[in-house]
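> Below: sequence and its predicted model.
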Amino acid sequence: MMNETAIYSSGKINIDRNFIKVGNNSYSVPSIGSVSLKVTKFYWASVVALIALFIGVGCFSDTPKNEGAGIFSIFICIIFTVACFGKQYEVLIKNSSGDQPVFTTRDRKVATAIKAAVEEAMISHRPPGAVA
């Protein structure tokens, strides 16, 4: 087997003109129909933050014994409020098995670089004269 030059290589990900290797999984580039980037926001975190805030405020309005629980609930509220502003990026490839998640990260630059590398590998298998 010929040693292919990597289009993208970082950690457990290696993309060359014939294969996408992520950890123990390998995908054949010629069998890929398309690649996409899915962005997920954590809206559920805002609901958890709101519940924790109500619990925290409720603990302070009760007897002083519950101040520790109130402070903890407000701390949880802050954590989940920060989480609801985060995004998760998932690189998906479409092949005969449908959409396959290849890689998930919170770093947009890494996700777009992986998507671009897969697209470059796909272009290398396009028949001569094919229109993009």
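On my side now, so go ahead.

> Do you have the helices of this protein handy? List them.
44-61, 67-83, 108-123 (DSSP state H).

> mind listing what's buried in the shortest one?
By that I understand helix 108-123. Of the residues in helix 108-123, 110, 111, 113, 114, 115, 117, 118, 121, 122 count as buried by neighbour count, 16 or more other C-beta atoms under 10 Å. Every residue, glycine included, has its C-beta placed from N, CA and C.

> So what would you say the end-to-end distance of stretch 79-89 is?
20 Å (C-alpha to C-alpha, to the nearest Å).

> Mind listing what's buried along that stretch?
Across stretch 79-89, burial judged by 16+ other C-beta under 10 Å covers 80, 81, 84, 89.

> What degree of burial does the closest residue to the first one other than its chain neighbours show, as a neighbour count?
So that's residue 80. Among residues not flanking residue 80 along the chain, residue 49 sits closest, at 3.8 Å (C-beta to C-beta, 6 or more residues apart in numbering). Look at residue 49: counted by other C-beta atoms under 10 Å, it has 20 neighbours.

> Thought residue 77 was touching residue 49, still the case?
Yes - Residue 49 lies in contact with residue 77 (C-beta atoms under 8 Å); the separation is 4.8 Å.

> Run a quick neighbour tally on residue 124.
12.

> and the protein, what are its domains?
8-41+86-123, 44-83 (automatic domain parsing).

> pLDDT below threshold where in the protein?
Confidence mapping of the chain against pLDDT under 70 gives the ranges 1-4, 43, 45, 56-68, 70, 83, 127-132.

> And for residue 32, the neighbour number?
For residue 32, using other C-beta under 10 Å, the count is 20.

> Quick check: nearest residue in space to it, chain neighbours excluded?
Residue 32 sits nearest to residue 93 (C-beta to C-beta, 6+ apart), 5.0 Å away.

> Identify the bridge partners of the one you found.
residue 35, residue 100 (DSSP bridges).

> returning to that earlier point: nearest to residue 13, of the helices of the chain?
helix 108-123 (6.6 Å; C-beta to C-beta).

> Thank you, goodbye.
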